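Enquirer: what follows is a predicted structure for the sequence shown.
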Amino acid sequence: MLLIYGGLRRAECAAICLKDIVQKEEHHVLIVQSGKGRKRRDIPLRPDVFRSITSYLESVGRLDDNPDSKLFMGFYKGCAPSHRPITDRQIPNIVESYAAKAHVTATPHDLRASAITYWLDTGANIVQVQRLAGHADPKVTERYYTRHQDLDNSPVYRVDLNN
């Protein structure tokens with residue numbers, strides 16, 4: 001959920017500590033401390049994403065963990081928590097495993113690109129999306145959007161040479 005709704009890079013996701021989730025102006029916010037280029041940024045968490053994080057922490061008995069501990073920990077076989085944080089190299093395996101169960105293919109980067117595309121599709125301006133994505137240049141953000149083809153609203157269908 002953090003990858004597709006928050007547009008995080010896999011390294012950013014693996015680096016999240018419990019203390020990075022804070023409340024600001026009545027919103028739950030993820031502070032990305034270790035973004036690309038060592039840039040820090042705030043990403044508002046949707047209520048359903050925050051509830052999922054809380055549910056995850058509760059189900060693994062980590063609601064009272066040290067704030068400096070990583071959000072995502074690994075598991076031994078048999079679903080026992082390992083108390084070792086997951087690495088950015090494990091995230092593709094996790095994403096691809098769940099995608100296969102849904103009979104689709106997806107990588108962490110596909111989820112990030114989808115998040116950026118969805119944000120732009122909602123009418124958000126390029127600068128706002130650039131900041132959320134942690135891009136240094138809006139041209140980089142724009143490249144993500146050009147991957148998306150909106151065939152339903154193609155200008156091809158608006159041309160009428162018969163009139």
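Expert: Yes, it's here. Residues are numbered from 1 along each chain as shown.
Enquirer: paired strands for the helix-or-strand element of the chain with minimal mean pLDDT, with orientation please.
Expert: When the helices and strands of the chain are scored by mean pLDDT, DSSP states H and E, strand 81-85 comes last with a mean of 83. In the sheet, strand 81-85 lines up against strand 73-75 (antiparallel) (DSSP bridges).
Enquirer: coming back round to it: contacts for the least confident helix or strand of the chain?
Expert: Strand 81-85 has contacts (CB atoms under 8 Å, 6 or more residues apart in numbering) with 14, 60-62, 69-70, 72-76. All C-beta spots, glycine's among them, are computed from the backbone N, C-alpha and C.
Enquirer: got the CA positions of it in CSV?
Expert: The C-alpha coordinates for strand 81-85 follow below in CSV (Å, rounded to 0.1, in the frame of the first residue of the first chain):
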residue,chain,number,x,y,z
PRO,A,81,8.7,-12.5,13.3
SER,A,82,12.5,-12.6,12.9
HIS,A,83,13.0,-9.1,14.5
ARG,A,84,15.4,-8.3,11.6
PRO,A,85,14.3,-5.5,9.2
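Enquirer: following element in sequence after that strand, please.
Expert: helix 91-101 (DSSP states H and E).
Enquirer: which strands and helices sit next to that following helix?
Expert: Counting contacts by 3 or more CB pairs under 8 Å, 6 or more residues apart in numbering; DSSP states H and E, helix 91-101 is packed against helix 10-15, helix 108-121.
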